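# Provide a 3D model corresponding to the input given below.
(one chain, ligands or ions: 2)
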Amino acid sequence: MRNAFFLGKGGVGKTTSSAAFALAEARAGKRVLIASLDPAHNLGDVLGKRLKDKPLRVEENLDALEIRLSAWVDRYLKDSRDEMKETYSYAGALNLDSFFDIMKYSPGTEEYAVLWAIEHIHCELSPDYDLVVYDTPPTALSLRFLAMPAISNMWITELAKLRERILQRRQIVTKINPESPVASSCVDKDDDKVYGRLGSIKRRLALLQKLFSEESFVAVVINPDSLSVSEALRIKEELERIDIPFSAICVNKRGLSKAPWQLDAELAEIPAFYFDFKPEGLHERDDLMRLDTQDLVAAFDAAASEGIR
Ligand SMILES: Nc1ncnc2c1ncn2[C@@H]1O[C@H](COP(=O)(O)OP(=O)(O)OP(=O)(O)O)[C@@H](O)[C@H]1O
Ligand SMILES: [Mg+2]
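Ligands and ions are numbered 1, 2, ... in the order given. I've put the predicted structure just below:
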């Protein structure tokens, strides 16, 4: 296991906790990449370094990047357009440009863009590091992109079956009437471009599903208040549904409020780690080291070395 995701409600301290964790691991000698997936980035501010969409050195052992979601959306749309043109000969007759203008604002587009950004980080960048830490956007978008591989896989499986049926019908028609115009089109799924494309998307999504469900440590950040706990419960339910582990709870800003507070019984079995509220604020990178991430680092390292969830 070489990946850690920090999820949670807006403002609870995902960026702070993920950066503190990444810094502690880096200062303990691991080669760490921290990547912000949040379109409203502030990871650079927290680390005291202006970041780009490719890894930049923050300090020894620690590199960071902020993905440019708009660029990944554009790349995703361009790839989809190129694939359509290549795969469907009749696509030239359609007005693809207006179709893709609409797609830019369609549900799901941002989620796919985040997924392909993670795929890039995982496949191209992560081999240079011991671990990759992901700072995520607030819950709603994060749960949607985490669920995307499982949901899309169901769709693609059904589409592949449909495509197989189309090819079988073509075979039948060709046998009955070798003169049929269908005879000139593809009848074998091994040669069929559409079937091949579906297979390649399925493989890419399966790799991401495996990354999320088997190779990631997922920490949910909360504050000692009932709203963020309710959100953590919703996240727990969702993660169970999509078969992604809930590895740790980070209770950040402990002591901020004097109101009595206690962790919900449903979260009791999940390992919890506490970071105190720092009334003087966190202004510089070194301030992050004042959050007590030692036990969290030990838990991650143990999970990483055992390769267990
Ligand atoms: N333990 C702490 N003590 C004091 N201040 C903290 C602590 N943790 C976070 N903060 C402050 O709380 C604010 C929100 O933190 P942060 O940006 O890490 O949250 P976030 O969950 O990433 O927010 P967003 O959902 O907007 O991405 C920041 O001003 C940060 O400095
Ligand atoms: Mg943040």
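# and the nearest residue to residue 53 once chain neighbours are set aside, how far is that from residue 108?
Take residue 53 and drop its neighbours on the chain: the residue closest to it by C-beta to C-beta, 6 or more residues apart in numbering is residue 68, 4.4 Å away. Heads up, the C-betas are built off the backbone N, CA and C, glycines and all. Residue 68 sits at a distance of 19 Å from residue 108 (criterion: C-beta to C-beta, to the nearest Å).
# need the residues that contact stretch 127-138.
2-10, 14-15, 18-19, 21-22, 25, 30-40, 43, 63, 118, 121-122, 125-126, 142, 300, 304 (C-beta atoms under 8 Å, 6 or more residues apart in numbering).
# drop anything exposed from those.
Buried subset of the contacts of stretch 127-138 (neighbour count, 16 or more other C-beta atoms under 10 Å): 2-9, 14-15, 18-19, 21-22, 25, 30, 32-39, 43, 63, 118, 121-122, 125-126, 142, 300, 304.
# give me the helix or strand of this structure that scores worst on average pLDDT.
Using mean pLDDT, DSSP states H and E, helix 96-103 stands out as the lowest-scoring helix or strand of the chain, at a mean of 66.
# buried stuff in the helix or strand following that helix?
Heading C-terminal from helix 96-103, the first helix or strand you meet, by DSSP states H and E, is helix 109-120. Neighbour-count burial for helix 109-120 flags 109-118, 120 (criterion: 16+ other C-beta under 10 Å).
# does the residue in the chain that ligand 2 sits nearest to sit in a helix or strand, and which one?
Relative to ligand 2, the nearest point of the chain is residue 15 (3.3 Å; C-beta to the ion). Element membership of residue 15, judged by DSSP H and E, is helix 14-27.
# partner strands of the helix or strand following that helix and their direction?
Using DSSP H and E, the helix or strand that follows helix 14-27 in sequence is strand 32-36. Applying DSSP bridges to the sheet, strand 32-36 is found paired with strand 62-66 (parallel), strand 131-135 (parallel).
# which of these is buried the deepest?
strand 131-135 (a mean of 25; mean count of other C-beta atoms under 10 Å).
# avg pLDDT for that strand?
Per-residue pLDDT over strand 131-135 has a mean of 97.
# quick check: what element follows that strand along the chain?
Sequence-wise, the next helix or strand downstream of strand 131-135 (DSSP H and E) is helix 139-176.
# what helices or strands is that following helix leaning on?
Counting by 3 or more C-beta pairs under 8 Å, 6 or more residues apart in numbering; DSSP states H and E, the packing neighbours recorded for helix 139-176 are strand 3-8, helix 109-120, helix 193-214, helix 226-241.
# taking helix 109-120 as reference, get the angle to it.
Angle of helix 139-176 versus helix 109-120, following axes from the mean of the first three to the mean of the last three C-alpha atoms, to 10 degrees, is 90 degrees.
# right, is helix 139-176 up against ligand 1?
No - residues of helix 139-176 contacting ligand 1 under C-beta under 6 Å from any ligand atom: none, with a closest distance of 8.8 Å.
# is that helix positioned near ligand 2?
No - residues of helix 139-176 contacting ligand 2 under C-beta under 5 Å from the ion: none, with a closest distance of 10.8 Å.
# quick one: mean pLDDT for that helix?
Taken as a whole, helix 139-176 carries a mean pLDDT of 87.
# how close does residue 300 sit to ligand 1?
Computed with C-beta to the nearest ligand atom, to the nearest Å, the distance linking residue 300 and ligand 1 is 18 Å.
# for that residue, give me phi and psi.
phi -60, psi -50 (degrees, to the nearest 10).
# from here on, call the first residue 14.
OK, 14 is where the count begins now, so the last one is residue 313.
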